[in-house]
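Enquirer: Have a look at this prediction, sequence included:
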Amino acid sequence: MTDQSMPDPNSVKKVVSVQAAPEIAWRIFTEKMGAWWPLTTYKIGKANAVDAVLEPHVGGRWYERGDDGSTCDWGRVLLWDPPSRLVLTWDISADWQPDPALNTEIEVRFIAEGKTATRVEFEHRRLDRYGARRDEMRRVYDTEGDWGRLLASFARLAEGS
Amino acid sequence: MATMIQIERALDALGDPTRRAVFKRLRKGNRSVQEIADGMEVSRPAVSQHLKVLKQARLVLVRVEGTRRLYGVDPRGFEALRDWLDGFWDETLMAFKHEAEREAAKEGR
């Protein structure tokens, strides 16, 4: 799922093929984020995160909700064009804290491949906003390459036991 | 970023099948030792011992809620391990893919 073109140091690109119609892919991505986002570990707030919410309009909030009712902002909606295109800000600092002024950008495109499949093109850009920590954060967001793939099989084994 | 020693310690800790089972039980939320031991073929003291190793590997942390000691996933160690295994967006997008495909299969589309 790694893009083959010349890597841009300020951007991470991913492509994933989903065996689902674009309408379903869009709905699961936007309305049911809490059902698939790895909330146990990919969360920012102090409470246990129980949901990830994307408000369905331009200017909407993107946030996690904790089990104590608290919310913690991740970003906001810049473009809302169902079921094909979504642009969000990702305002999480290199220390995994909310930073509303950060303004890195995420674009997700849902492209139909026949009636029952969708090519999802994902880009996380403007990583230059991380300043001196750009390369470190790019590594975190992108894959670690061959080591990552090799060890992913270990992880699957560990998960399956 | 985590040091190689930390990552090796985490991998070693998860090399034991019982310890992996204990760790897996915490991925849905915080649990007491008794709650972890329930339904497992392992005694409470053995679970405590496994939790100690997982704690040293920074995979597990303890929260005190009143008189209860609850064990949960330590995001620091787990994130370090995951970042090392897989990129953040690879992991997240694969999870999305599986959920969308599950839904599509359910709806028969």
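Expert: Now that the structure is in, tell me what you want to look at. Residues are numbered from 1 along each chain as shown, chains lettered A, B, ... in the order given.

Enquirer: helix/strand/coil for the residue nearest the centre of chain B?
Expert: For chain B, the residue nearest the mean C-alpha position is residue B:23 (4.2 Å; CA atoms, centre = their mean). Three-state call for residue B:23 (DSSP: H, G, I helix; E, B strand; the rest coil): helix.

Enquirer: Return the residues in contact with it.
Expert: B:14, B:54, B:59, B:60, B:73 (CB atoms under 8 Å, 6 or more residues apart in numbering or on different chains). In short, each C-beta sits where N, CA and C put it, glycine included.

Enquirer: quick one: least confident helix or strand in chain B?
Expert: Lowest on mean pLDDT, DSSP states H and E among the helices and strands of chain B sits helix B:75-85, with a mean of 71.

Enquirer: related to what we said a few turns ago, state the distance from the residue nearest to the centre of chain B to residue A:53.
Expert: The gap separating residue B:23 from residue A:53 is 28 Å, by CB to CB, to the nearest Å.

Enquirer: Please apply the same query to residue A:92.
Expert: With CB to CB as the criterion, residue A:92 and residue A:53 are 15 Å apart.

Enquirer: same check, this time on residue B:66
Expert: Taking CB to CB, one finds residue B:66 at 30 Å from residue A:53.

Enquirer: Repeat that for residue A:112.
Expert: 26 Å.

Enquirer: and what of residue A:94?
Expert: Taking CB to CB, one finds residue A:94 at 24 Å from residue A:53.

Enquirer: Over to residue B:67?
Expert: Residue B:67 is 34 Å from residue A:53, where distance means CB to CB.

Enquirer: same question, residue A:83
Expert: When residue A:83 is compared with residue A:53 (using CB to CB), they lie 19 Å apart.

Enquirer: so where's chain B shaky on pLDDT?
Expert: Where chain B drops to pLDDT under 70, the residues are B:1-5, B:82-86, B:109.

Enquirer: where do the helices sit along it?
Expert: B:4-13, B:17-25, B:33-37, B:44-56, B:75-85, B:88-107 (DSSP state H).

Enquirer: Between residue B:67 and residue A:53, which has more neighbouring residues?
Expert: Neighbours per residue (other CB atoms under 10 Å in any protein chain shown) separate residue B:67 from residue A:53, with residue A:53 holding more: 17 against 5.
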